[in-house]
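*Asks:* whatever this is, show me its structure:
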Amino acid sequence: MVLKLTLVVLTTGYGVQTKLFTPRIKALGHDVTISAFYGLQGSPIVMDGIHVYPVHKHPYGQDVMQAHASHAKADAIISLFDIWAIDAQLTTPWFPWFPVDHEPIPVPVLRKAHTATKGITMSKFGQRMAAQSGLDTWYVPHGVETKVFKPGNRLEARERLGFPKDAFVVGMVAANKDNPSRKAFFEQIAAFAALKRVHKDAFLYLHTDDGTRGGDGVNLIQYIQRLGLTPDDVKFPDQYLYSMGMPDTYMVDVYNACDVTTLVSLGEGFGIPLIESQACGCPVITGDWTAMGELCFSGWKIPKSEAEPEYHDHFDAFEYRVSTGAVAERMLAAYDMRGNQDYRSLARDGALAYDADKIVKKFWKPVLAGMEKMIEATK
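*Replies:* Numbering: from 1, shown residues only. From the prediction side, this is the model:
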């Protein structure tokens, strides 16, 4: 059976996954269309032979999600964003590929997932949380193009980026769009400040919005100044280019230029920067809760005991806020292991399991076959 699929997606990390997997799913012989939002309005476009539908009036495309699927004569809808935000009336079989970034699985997520034909969790943690609440899901992780994200010359990468060539470089790749920050920017920047007091050659690169131009994020420039850090200590990307989207070549340089990257969020549905960083041979610092712990192949996992639980009444579930001291301790350990080739090799080897081609073969092919059976059964 050749499935006609409509994928409902948004930009940022989910957009990256759409770019990776839609052509690969199409190459398996399925007919794929995309229902996009946040960036496409007014009229459809064709991208690499794939028809892309725009939003209409609802910012998340809820008013046209089913209409797009009907117009495409789709056999199934695969949505790729937070399931609790979906409020469309769907008649086409629906297979949401969704994150779980709290513990236990949030009540609004569970409630919505029970209305789907069958859900697809993007982390083993998410599948485990779903199973503990009686919800059966498939597991398909996110992936990375390991032929692009790969180890390179560190000094050349630093020269292209304008990083100090002899510094110990800590990187953080995360979206600044919540206040309080779900990505725990303040704790991780404060940890870097503690590292800087011990090692004067430490340098921090924050690949994010600096928070000075409005929006819902936190003002990182103000916080950095309050900690006594200077522009010589901390670097951001060009803010205009960042807002337009940086090419993969730039991000590969970032990961290759870093000695370690840090992503110790309150919770992650997956955590793509962890995979991208390690694919380039750069070890990571992360938390051992939600999806993050399963994505650390080389580096430092901070146990839940070194974080404080935060309850969110809307979700009826917990996130975990790490202590500054816990992150600082791991940054100091990473400094002591700078340049260690065993760490860098382990990072690359672990990330290879998440190569996009391998994900399609090992996970998407059997899941799509399972969809076919369920759709045939309903017919």
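*Asks:* so, low pLDDT: which residues of the stretch 151-300 of the chain?
*Replies:* Along the stretch 151-300 of the chain, no part satisfies pLDDT under 70.
*Asks:* all the helices of it, residue numbers only.
*Replies:* 154-161, 185-198, 220-226, 239-244, 248-257, 272-279 (DSSP state H, counting those that start in this stretch).
*Asks:* cool, the stretch 1-150 of the chain as well?
*Replies:* 13-27, 65-71, 107-113, 124-132.
*Asks:* before we move on, back to that, now render the helices of the stretch 151-300 of the chain as TSV, adding distance to Leu346 and mean neighbour count.
*Replies:* Where you see a C-beta, it was placed from the backbone N, CA and C, and this is true even at glycine. Formatted as TSV, those follow (distance: least, CB to CB, whole Å; neighbours: other CB atoms under 10 Å):
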stretch	distance to Leu346	mean neighbour count
helix 154-161	17	16
helix 185-198	22	20
helix 220-226	31	16
helix 239-244	30	11
helix 248-257	15	21
helix 272-279	8	27
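*Asks:* nearest to Ile83 among those helices would be which one?
*Replies:* With CB to CB as the measure, helix 272-279 is the member of the helices of the stretch 151-300 of the chain nearest Ile83 (18.3 Å).
*Asks:* how about residues contacting that closest one?
*Replies:* Under the criterion CB atoms under 8 Å, 6 or more residues apart in numbering, residues 13, 16-17, 142-144, 146, 149-150, 171, 173-174, 251, 255, 258, 261, 263, 283-284, 286, 292, 295-299, 347-348, 350-352, 354 lie in contact with helix 272-279.
*Asks:* are any of the residues you listed buried, and which?
*Replies:* 13, 16-17, 142-144, 146, 149-150, 171, 173-174, 251, 255, 258, 261, 263, 283-284, 286, 292, 295-299, 347-348, 350-351, 354 (16 or more other CB atoms under 10 Å).
*Asks:* isn't Tyr343 right next to Gly299, touching?
*Replies:* Yes - using CB atoms under 8 Å, Tyr343 is in contact with Gly299, at 7.2 Å.
*Asks:* pull up the overlap in contacts between those two.
*Replies:* Listed as contacting both Tyr343 and Gly299 by CB under 8 Å, 6+ apart are Pro283.
*Asks:* which stretches of the stretch 1-150 of the chain aren't confidently modelled?
*Replies:* Across the stretch 1-150 of the chain, the ranges flagged by pLDDT under 70 are 1-2, 6-12.
*Asks:* let's see that with 90 instead.
*Replies:* Across the stretch 1-150 of the chain, the ranges flagged by pLDDT under 90 are 1-16, 36-43, 45, 47-48, 55, 58-61, 87-88.
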